[in-house]
Structures are given as C-alpha cells and as structure tokens.
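> sequence below, structure please.
(one chain, ligands or ions: 1)
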Amino acid sequence: MPFSPILAPSLLAGDHAHLSISAHLAAEAGAPWLHLDIMDGHFVPNLTFGPEVLAALRRAGLKTFFDTHLMLAEPHKYVEAFAKAGANLISIHIEPAYDHRATLARIRELGCQCGIVLNPGTPASAIAPFVDLVDLVLVMTVQPGFGGQPFRADMLPKIREIDGWRQSRGLKFRLEVDGGIDLATAAQCRAAGTDTFVAGTSFFKAPDRAAYARAMAALA
Ligand SMILES: O=C(CO)[C@@H](O)[C@H](O)COP(=O)(O)O
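Next comes the predicted model:
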C-alpha cells in the first residue's frame, strides 16, 4: 500500500450555519484533510457553496488540507477561483465534456494537487488516460449530490481494478472513496486498496479525537 490512510471529514455533513465551527471540530479531532463538496445544481441535483467559503475558512484560521471535490458541469471555469481561495487539491469529474487534460495541467500550474473522479456508473477505463497525471483518483461510492446515502458495495471491483493499475504500473496517486463511508464500509474499501476515506454523516455524529483515533486504528 503506497500511502498511509487518511480520513477526510466532509463538511457537507457539518452545520451549515456554523461551517467554521464544524471545520475546526474536524481539525481538532485530528483530521489532516477536510473534504469540500462543491455542487452546481447542473452536474448534480443540489447546490452547496463556492470559493468564498474556502477563503472564509482560511481567514478563520483553518490550516487543514482542503480536498476540494468539484461536482460541476464546467469545472475548468472555476479551478482558478478555488486555488486562490485556498484549495490544496482540486478533483474534477471525468463525465462532463471539457478538456480534462488541460484542466488537470491548469490545476497543477495554480500550485494545487489534482484529482480525477468517477461516478458509480462510469467504468474505470474512462479515467485510464489520466491516471499518470493525477495525485488522487476518487471513486464515488454513491451517486453524488447528497450525503447520507447507503454505500454501494458494487463499487469494490472498480476500486480493486484501479488499485491493480496503480500497483502494476507503480503509479503514485491516492485512491479515495466517498459516500456511505463508516468503519465497516471503510474496512471493505481498505481491503480493496483504498487509502483515503471521505466520511460525512458518520464522522459528524461524533466529531471528536477519540472517535477519530478509533477510526484510524481500525484502518491502520
Ligand atoms: O460528495 C458527496 C455526496 O455527493 C459526499 O462527500 C458526501 O458528503 C458524503 O457523505 P456521507 O455519505 O458520508 O454522508
């Protein structure tokens, strides 16, 4: 396994009236990453927040690594705004039509790490041309748009397939899962090769240091 496990709390499941408090709770629990779900009401049937929220979290003192997941029909138009607002890693979906290669290169040029994301219905082969360009591959384990959905165990073969490429070709990307992740489903994903786990609903039920430490011990 090339990377040690990271559990990235998803701010989508935090308190939207007090996002900074929720983000600080995640950091104080020991989470080195915060997952930020950016939804546009087009690519996914929901809306969340924009770059000004990331900038405000930075102004509020958040030093956490911002793992920024753009669920946007036209992500290439927004990568600069998210990089300037404080994103550390920006992930873009493979499904919409735009220049993925140029957008990944632009994310790097802006000083961020870059990631590529697949929806449950998208085969691993769709991202094959990009896996040597990215720092992270995100396999969605729910149809994106809403938190609190059940984990899709039928995504495990896809995770194994992508981890297989990583191992056989010596590729250096993190392999992340997102959707319905709790201790039990994270363990299944870990066994399939995942090293990076987004947890929204399950994390914010008990966002404290002891719970985080238990989760990390289970994934070690
Ligand atoms: O991107 C998404 C949903 O589209 C996720 O990041 C969710 O926020 C994960 O939430 P849970 O499934 O853990 O509640």
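
> which residue of this protein sits farthest from its center?
S168 (23.8 Å; Cα atoms, centre = their mean).

> ok, that residue to the ligand distance?
According to Cβ to the nearest ligand atom, to the nearest Å, S168 stands 29 Å off from the ligand. C-beta here means a position set from N, CA and C on the backbone, and glycine is covered the same way.

> same question, F204
According to Cβ to the nearest ligand atom, F204 and the ligand sit 8 Å apart.

> same question for H69.
6 Å.

> also T194?
In terms of Cβ to the nearest ligand atom, T194 sits 14 Å off from the ligand.

> then G30?
With distances taken as Cβ to the nearest ligand atom, G30 is found 18 Å from the ligand.

> in the lowest-mean-pLDDT helix or strand in the chain, which residues are buried?
For the chain, counting by mean pLDDT, DSSP states H and E, helix 209-219 ranks last in confidence among helices and strands (a mean of 93). Neighbour counts using 16 or more other Cβ atoms under 10 Å place A211, Y212, A215, M216, L219 of helix 209-219 among the buried residues.

> check stretch 55-74 too.
If you call a residue buried by 16+ other Cβ under 10 Å, then stretch 55-74 has these buried ones: 55-57, 62, 64-73.

> closest to L133 out of those residues?
Comparing the buried residues of stretch 55-74 against L133 with Cβ to Cβ places L70 closest, at 16.3 Å.

> what's the separation between the nearest residue to that closest one once chain neighbours are set aside and E161?
Leaving aside its chain neighbours, L70 sits nearest to I38 (5.0 Å; criterion: Cβ to Cβ, 6 or more residues apart in numbering). Plainly put, I38 is 27 Å away from E161 if you go by Cβ to Cβ, to the nearest Å.

> same question for D132.
As judged by Cβ to Cβ, D132 and E161 stand 16 Å apart.

> so which of these two has more stuff around it?
Using other Cβ atoms under 10 Å as the criterion, D132 and E161 rank with E161 on top: 17 against 12.

> may I have the least confident helix or strand of the chain as PDB, with CA atoms only?
Presented in PDB, the C-alpha positions along helix 209-219 are these (Å, rounded to 0.1, in the frame of the first residue of the first chain):
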ATOM      1  CA  ARG A 209     -10.400  13.000  18.900                       C
ATOM      2  CA  ALA A 210     -11.300   9.600  20.500                       C
ATOM      3  CA  ALA A 211     -13.600   8.600  17.600                       C
ATOM      4  CA  TYR A 212     -11.100   9.800  15.000                       C
ATOM      5  CA  ALA A 213      -8.300   7.800  16.700                       C
ATOM      6  CA  ARG A 214     -10.500   4.700  16.800                       C
ATOM      7  CA  ALA A 215     -11.300   5.100  13.100                       C
ATOM      8  CA  MET A 216      -7.600   5.500  12.200                       C
ATOM      9  CA  ALA A 217      -6.600   2.500  14.400                       C
ATOM     10  CA  ALA A 218      -9.200   0.400  12.500                       C
ATOM     11  CA  LEU A 219      -7.800   1.400   9.100                       C
END
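
> same for that helix, what does it pack against?
strand 6-9, helix 19-29, helix 183-192 (3 or more Cβ pairs under 8 Å, 6 or more residues apart in numbering; DSSP states H and E).

> return the most buried member of those.
strand 6-9 (a mean of 24; mean count of other Cβ atoms under 10 Å).

> which other residues reach that one?
With contact meaning Cβ atoms under 8 Å, 6 or more residues apart in numbering, strand 6-9 is reached by 26, 29, 31-35, 67, 174, 176, 186, 195-200, 203-204, 207, 212, 215-216, 219.
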